[in-house]
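K.L.:
the sequence and its predicted three-dimensional model are supplied below.
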Amino acid sequence: MIRRLIALAIICLITPAVVQARPVSYTGGWTFIETSNRVSTAGLIHYTINPKVSLGLRHERMRDADTDMTMAQGTWLVKRWFGKDYQANVYTMAGVGTISDNSGMSSIHETGSFIGVMADWETRSKFVSYESRFLDKGALGSQSMHAARVGWAPYEGDTGALHTWLMVEIDHREQLKEETTVTPLVRFFKGAALLELGYNLTDPSPLMNFTYRF
Amino acid sequence: MKYLVTTLLVALVPLGVSANDHHGSMDHSMEGHDHASMNHDEHDHASMSHDDHDHSAMDHSGHDMGPKHALLTRTSDIDKALMAGGQPVVVDVLGVVCDFCATAMNKIFGKRQEVAAVYVDLDKKTLSLALQAGETLSDQDIEKLAEQAGYRIAAIRRDNEAIGG
């Protein structure tokens, strides 16, 4: 277990980190989520206290603004729809913590917070999601993000097999020069691990997300 | 702004479509009988005469009246537990679409002392359990454990019903 944690920590440090694949797990489960996109690299580790709530710690480095954020995050599964062939979820999330702006001669520290909402619907071969997040950085300003995804699995892998998804993500960030961008990506899913690799075509930059469930 | 409206619609439309009561998606049909598509208004059983046909003389070989239920998925661990006298249990689970679902149920059920072996079958959408010899796990307990994993169950079958014996 310690080796696994060290390996995950290394992955987190060497790759740009937070996409939220299933931000609430099973009762008593730990999940590590790393996300890296055109703006930031973030890592979130969370513990699911019951099937509807997870609590975690999130660190995000926003490369463009030379800003670091460390926040306690809570995620609530508002509603899950169950079907024989599908699952759909609506989550809300919020966090509070410190934000450090390192772009000037000396760092500026502020208390920051964010709120977000996420919805997804998926079968074994189709996927749709939407996520929106608003970040308040105190005196450092605020920013918002919206992202939507569609995905398709060319085959339905059984338990433990390698599952492959082809996806397209569209994100919108008003504060950036390229407000709306498109990122095609491939999702690999096997057992407790999920890896996404993509490339932003509009604002050329790689995307890499990794999730592991303990 | 157009983008926001579009993305919201993209996200919300499928949710609206999928917002069914979970019982709506349960498969109660028998092989060869699709009740949903049958019109029951056009025939009156009370007024029909059943005297002029002989059921025993009819050929039923083309009719499979067996239940359309998934059976226990056999793994080496499950077989081993069954050989040791464990009870087979098959659970139809709703919302099982990926390996994270399987991981969750494996973890939750796997740490119960009553459970000797567990396997989540994504193709069949079932949870297959082999209990320890002499142990039991009530339907209520199974339902509660599935909820802890984040899922909901549609049906539970045990013993011969689970293995098709």
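P.N.:
Alright, I've got the coordinates.
K.L.:
measure whatever residue of chain A ends up closest to chain B to residue A:71 for me?
P.N.:
Nearest to chain B, among the residues of chain A, is residue A:130, at 2.9 Å (CB to the nearest CB). Where C-beta positions appear, they are placed from N, C-alpha and C, glycine not excepted. Going from residue A:130 to residue A:71 by CB to CB, to the nearest Å gives 22 Å.
K.L.:
where along the chain do the helices fall?
P.N.:
Using chain A here. A:2-14 (DSSP state H).
K.L.:
not quite, I wanted chain B
P.N.:
Assigned by DSSP H, the helices in chain B fall at B:2-18, B:76-83, B:99-110, B:139-149, B:159-163.
K.L.:
confidence-wise, which of the ones you listed is weakest overall?
P.N.:
Across these, helix B:2-18 has the smallest mean pLDDT, namely a mean of 43.
K.L.:
neighbours of residue A:134, how many?
P.N.:
14 (other CB atoms under 10 Å in any protein chain shown).
K.L.:
ok, the closest residue to it other than its chain neighbours - contacts?
P.N.:
Spatial nearest neighbour of residue A:134, chain neighbours left out: residue A:144 (4.8 Å); criterion: CB to CB, 6 or more residues apart in numbering or on different chains. Residues near residue A:144 by CB atoms under 8 Å, 6 or more residues apart in numbering or on different chains: A:132-135, A:173-175.
K.L.:
a markdown table for those, including distance to residue A:124?
P.N.:
Below are the contacts of residue A:144 laid out as a markdown table (distance: CB to CB, whole Å):
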| residue | distance to residue A:124 |
| --- | --- |
| A:132 | 26 |
| A:133 | 28 |
| A:134 | 33 |
| A:135 | 34 |
| A:173 | 31 |
| A:174 | 35 |
| A:175 | 37 |
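K.L.:
show me how to select, in PyMOL, the buried members of those.
P.N.:
Of those, the buried ones go into a single PyMOL selection, burial set by 16 or more other CB atoms under 10 Å in any protein chain shown:
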select buried, chain A and resi 132+133+135+173
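K.L.:
which two in the contacts of residue A:144 are spaced the farthest apart?
P.N.:
Distance extremes for the contacts of residue A:144: the farthest pair is A:132 and A:175 at 14.3 Å, using CB to CB.
K.L.:
quick one: the residue nearest to residue A:134 from residue A:85, how far?
P.N.:
For residue A:144, the distance to residue A:85 - CB to CB - is 34 Å.
K.L.:
could you pull up phi and psi at the residue of chain A positioned farthest from its centre?
P.N.:
Within chain A, the residue lying farthest from the chain centre (CA atoms, centre = their mean) is residue A:105, at 30.9 Å. Phi and psi for residue A:105, reported as degrees, to the nearest 10, are phi -60, psi -40.
K.L.:
which ones are touching residue B:97?
P.N.:
So residue B:97 contacts A:85-87, A:122-124, B:122 (CB under 8 Å, 6+ apart).
K.L.:
my bad, should have said residue A:46
P.N.:
Taking CB under 8 Å, 6+ apart, we find residue A:46 in contact with A:23, A:25, A:30-31, A:33, A:54-57, A:73, A:75.
K.L.:
those: which two are farthest apart?
P.N.:
For the contacts of residue A:46, the farthest-apart pair by CB to CB is A:25 and A:57; their separation is 15.2 Å.
K.L.:
please name the bridge partners of the nearest residue to residue A:113 once chain neighbours are set aside.
P.N.:
In this structure, residue A:113 finds its nearest non-sequential neighbour in residue A:96, 4.5 Å apart by CB to CB, 6+ apart. With DSSP bridges as the criterion, residue A:96 is bridged to residue A:72, residue A:113.
K.L.:
local confidence estimate at residue A:96?
P.N.:
96.
K.L.:
okay then, goodbye and thanks.
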